[in-house]
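Q: Can you look at this prediction? I've put the sequence above it.
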Amino acid sequence: MKRVLSALLVLALAAPAALTAQTTLKVMIPGSRPAGMDLVLAEAQKRMAADGLNLVLDVNFIPWSDLGQKTQIVLASGENVDLIFDAPWLHLPQMVAKGFYEPLDALLAKDGPNILKAIPKVLLDANRIGGQIMGLPLTNAYLSGRTFWVRKDIREKLGVKPIKSWDELVKFAYAVKTKVPGTIPFQSIGGNQSYDWTIPLVHMDTKYKIDSLQGFVPFTLYTKNNDGKIYNLFDTKDPYLYGLFKQGRQFYKDKIFDPDILSITDGTAAMESGKYAIVAMTDFGVSPQIQTNLSRNVPGAEYEMVTFWSTRPGDYVSAFKAWNFIAVPKVSKNKDAAVSFLNWVMSSQDNYDLLAYGLKGTHWEPMGGDSYKTIGSDYTYFPYAWIWNTTYDRITANTPEEKSLNKFLRVASNFTVDKLTGFTWDPTPVSNEVSKFSASQTKYWPLLVQGVADTDNTFDAFKKEAGDAAKKIQAEYQRQVDAFLAAKGK
């Protein structure tokens, strides 16, 4: 009997503590508050109470356009927040360097056993900063899928066979220009101005293995062929990348791209309008919500996924980096409760489903296995902002190909391990140069990739304005990479 009681005591001490006193968790994440959010939170709070977590969720949504400034102000002011979204492309390294976030290793060991099961160790280890878990990596894959969406109804109307290559996609674009007046062949920015047509194309390529650097989305500074070197487009004028600029310029002159491309502020609305035959996108599959809105605006219109992705294991390099994180601010008075909440979410498929997709039968329904489809638009998809993980995230599978490709992304062994896995870039030593370079890149990159200005003149102006800053960033980045690789003995 004593042994049994002793064992039970050990288990009790190891398990996350129940939260019997009511605790309000303030959560700050990006996006717009879904219409069905209150219904979902009420159900979540009822379930948590039944499981011993007496939590009230105060979820605050920040518009994407205000995210960087707003979260910096919140953290700098010491406002009490318990969970907050951050990312390497936002200001995660800088906020960690300033001491705004709580290291999570000890909290996870005490209150997060389900989190440690749901988020694979390879992801947690690859996304440490200074050797510590400073935020939970949010991702449902080890690499992002890359696609173009093509208007299937237009393709079939023109008698074009399913598209299997970039050359075939370009040929289709020119056929649309000639034979479907009133339709713009190519919407080249995807969902927003920071995402352009070169990104999916470069990432589908298996020859050069080019990738942007942490914190730098386009390819002015980049890696290639997994060789541990940092490349600078101003120095190399890489023929492949520069050739894309030239092709973009030709597309713009030939009216393949939208002539008003730089004035688009809502890429999603543009996709749903029916004006475009091709859209540059990320992720495998087509958004059911966008598909529904498209067919509502243009009866009979339908997007299909077109990708040139290789499924041969090892063709793509992954550093197993997440681009989104949920962090616990240092000022939080409810750190244990915050981790216990996330632990509850990741304790079962049902709990994850509730907060990821909403009420079953009201906002979504299962489609067999791990597939699902949405119902209506009252609870839009946003687990990537706070609870995303590879274990529980379901697949929106419109076709068997989409489902197969998404499953491919969730197997770590399908990827060659990047030499820089575990490396975290610290921009602090060159923060002034990063600010100057980023401002110039924002100014010139759209002109280059969308082809709205002469390629050579624009590139030369970009280099003249940002070349010195880029060179200093490249040198500092390489210094940090070399130190990282030396410490690993590589």
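A: Thanks, I have the structure now. Residues are numbered from 1 along each chain as shown.

Q: Identify the residue spatially nearest to the most centrally placed residue in the chain, adjacent ones excluded.
A: With distances taken as C-alpha atoms, centre = their mean, the residue of the chain nearest its centroid is residue 323 (5.3 Å). Once flanking residues are discounted, residue 323 sits nearest to residue 87: 5.8 Å by C-beta to C-beta, 6 or more residues apart in numbering. For the C-beta atoms, the positions are set from N, CA and C on the backbone; glycine is no exception.

Q: so how far is residue 347 from the one you found?
A: For residue 87, the distance to residue 347 equals 25 Å [C-beta to C-beta, to the nearest Å].

Q: And for residue 487?
A: From residue 487 to residue 347 the distance is 37 Å (C-beta to C-beta).

Q: May I have the residues that are in contact with residue 423?
A: Residue 423 makes contact with 214, 319, 480-481, 484 under the criterion C-beta atoms under 8 Å, 6 or more residues apart in numbering.

Q: For the residues you listed, point out the one with the lowest pLDDT.
A: For the contacts of residue 423, the weakest pLDDT value sits at residue 214, with 76.

Q: the helices in the stretch 351-490 of the chain, which residues?
A: For the stretch 351-490 of the chain, the helices defined by DSSP state H, counting those that start in this stretch occupy 400-408, 431-449, 455-488.

Q: Just list what the first one packs against, helices and strands only.
A: Counting contacts by 3 or more C-beta pairs under 8 Å, 6 or more residues apart in numbering; DSSP states H and E, helix 400-408 packs against no other helix or strand.

Q: Just the buried positions in that helix, please.
A: 402-403, 405-406, 408 (16 or more other C-beta atoms under 10 Å).

Q: Now do that helix, average pLDDT.
A: The pLDDT scores in helix 400-408 average 89.

Q: can you count the residues close to residue 278?
A: When neighbours are counted by other C-beta atoms under 10 Å, residue 278 registers 26.

Q: Same question for the one 5 residues further on.
A: Close neighbours of residue 283, defined as other C-beta under 10 Å, add up to 19.

Q: Isn't it up against residue 148?
A: No: using C-beta atoms under 8 Å, residue 283 is not in contact with residue 148, being 11.6 Å away.

Q: Residues touching stretch 357-366, excluding its own?
A: Taking C-beta under 8 Å, 6+ apart as the rule, stretch 357-366 contacts 34, 36, 39-40, 43, 353-354, 372-376, 378-379, 381, 394.

Q: same deal with stretch 165-183?
A: Stretch 165-183 has contacts (C-beta under 8 Å, 6+ apart) with 148, 150-151, 154-155, 157-158, 160, 163, 185-186, 201, 251, 254-256, 275-278, 306, 308.

Q: and if you look at stretch 425-445?
A: Stretch 425-445 has contacts (C-beta under 8 Å, 6+ apart) with 88, 93-94, 97, 196, 213-216, 218, 220, 458-459, 461-462, 465-466, 468-470, 472-473, 476-477, 480.

Q: Next, the buried residues of that stretch.
A: Result for stretch 425-445 [16+ other C-beta under 10 Å]: buried residues 425-427, 430, 433-434, 436-438, 440-441, 444-445.

Q: so where's the chain uncertain?
A: Scanning the chain with the threshold set as pLDDT under 70 gives 1-20, 190-194, 397-398, 490.

Q: Would you map out the domains in it?
A: The record assigns the chain these domain ranges, following automatic domain parsing: 2-141+320-397, 202-239+247-256+425-490.

Q: Now render the ones you listed as JSON lines, adding distance to residue 287.
A: Listed next are the domains of the chain as JSON lines, based on distance: least, C-beta to C-beta, whole Å:
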{"stretch": "domain 2-141+320-397", "distance to residue 287": "8"}
{"stretch": "domain 202-239+247-256+425-490", "distance to residue 287": "19"}
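
Q: Would you mind telling me which of these is nearest residue 416?
A: When the domains of the chain are compared by C-beta to C-beta, domain 202-239+247-256+425-490 sits nearest residue 416, at 6.6 Å.

Q: roughly how far is the closest one from the heart of the chain?
A: From the chain centre to the centre of domain 202-239+247-256+425-490 is a distance of 19 Å (C-alpha atoms, centre = their mean, to the nearest Å).

Q: between residue 487 and residue 347, who's got more neighbours?
A: residue 347 (18 against 10).

Q: which element is the more buried one on?
A: For residue 347, there is no helix or strand it lies in under DSSP states H and E.

Q: That's all I had, so thanks and see you.
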